[in-house]
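1. from the sequence below, what's the structure:
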Amino acid sequence: MMDSPGFAVRRLLRETDRATLATKNRDGGAPEGAGAPYASLVLLAVDHDASPLLLLSDLADHTKNLQADPACSLMVDGTQGLDNPLTGARATLQGRIALHRDEGALARFVNRHPTAAMYAGFGDFNLYRMTVDRAHLVAGFGRIHWVAAEEVFAPLPDGYALNGQEQGVVEHMNEDHADAVGLYANRILGLPGVGWRLTGVDAEGADLRRDGTCARLPFENPVRDAGEARVELVRLVKQARAGRQ
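-> Numbering: from 1, shown residues only. Okay, here's the model as predicted:
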């Protein structure tokens with residue numbers, strides 16, 4: 001069964017660790033360039049509902065552009081490794097970016113991008129969250145859709161508490177159950193190598209990383225808190241040990 005366009009965009013956001021950010025060029029001493037599109041590479045993480053999170057330097061041109069006009073576009077690209085990239089999925093999101101002073105969201109970003117720990121506490125780096133108005137999905141030839149934000153970002157389940165419990169789950173899995181994390185990657189996702197780490201857990205699944213490679217482990221059942229996440233993670237490790245993929 002083919003994913004809905006909204007779910008396909010959300011899956012791209014959860015699976016991708018980088019994006020292209022397009023902002024409107026401010027008048028930075030060159031008036032003839034004011035308002036012109038300016039695109040740059042940024043590291044990407046997402047909040048629990050999959051809203052994009054960016055850790056940006058105040059010194060960067062894209063940040064100065066956003067301070068002048070928060071309207072922006074963000075492209076996430078799922079075509080890496082394909083012989084013909086035009087057969088793969090990519091999505092362009094349109095919306096606005098604003099400062100997001102949330103320690104849990106910042107921890108999500110740093111877990112996703114461990115190298116960011118070196119500068120996440122600097123005074124000139126700040127976390128931003130994108131409020132998306134709509135998305136444009138191209139998922140191969142003939143599958144092109146404009147998608148409303150409400151189709152991409154499903155509401156979190158009633159009683160959702162995992163956003164306040166996530167760091168404990170991540171640390172527990174990495175410190176006490178690193179073997180299980182490896183089994184998720186090797187046996188369920190079919191990814192080689194040792195040293196895989198859990199970087200996040202949300203209602204729909206868990207995120208893994210090994211060096212520069214990110215992976216997504218989907219849950220069979222949505223979870224609301226650490227207890228329900230534990231049930232899913234235990235079920236998945238039993239599946240992995242049984243050798244089913």
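
2. from here on, contacts and neighbour counts on C-alpha atoms
-> Will do.

3. so how far is V138 from R90?
-> R90 is 5 Å from V138, where distance means C-alpha to C-alpha, to the nearest Å.

4. V181 too?
-> Noted for V181: a distance of 32 Å to V138, by C-alpha to C-alpha.

5. T213 - how many residues pack around it?
-> Other residues lying near T213 total 11 when counted by other C-alpha atoms under 10 Å.

6. biggest helix in the protein by residues?
-> helix 226-241 (DSSP state H).

7. and this structure, what are its domains?
-> Domains of the chain are assigned by automatic domain parsing as 5-152, 162-241.

8. ok, P52 - contacts?
-> L13, L44, A45, V46, R129, M130, T131 (C-alpha atoms under 8 Å, 6 or more residues apart in numbering).

9. which strand residues bridge it?
-> Listed by DSSP bridges, the beta-bridge partners for P52 are V46.

10. now L208
-> L198, A215.

11. still on that earlier bit, give the other helices and strands that the longest helix of the chain contacts.
-> helix 178-183 (3 or more C-alpha pairs under 8 Å, 6 or more residues apart in numbering; DSSP states H and E).

12. what distance separates the helix it packs on from the centre of its chain?
-> Distance of helix 178-183 from its chain centroid, counting by C-alpha atoms, centre = their mean, to the nearest Å, is 22 Å.

13. what residues does it touch?
-> By C-alpha under 8 Å, 6+ apart, the surrounding residues in contact with helix 178-183 are M173, N174, V194, G195, W196, R197, L198, L208, V237, A240, R241.

14. and if you look at stretch 145-156?
-> Counting by C-alpha under 8 Å, 6+ apart, 5-7, 9-10, 48-51, 132-138, 203 sit against stretch 145-156.

15. name the residues that touch the lengthiest strand in the chain?
-> Longest strand in the chain, counting residues (DSSP state E): strand 125-139. The contact list for strand 125-139, computed with C-alpha under 8 Å, 6+ apart, reads 5, 9, 51-58, 87-101, 106, 119-120, 143-149.
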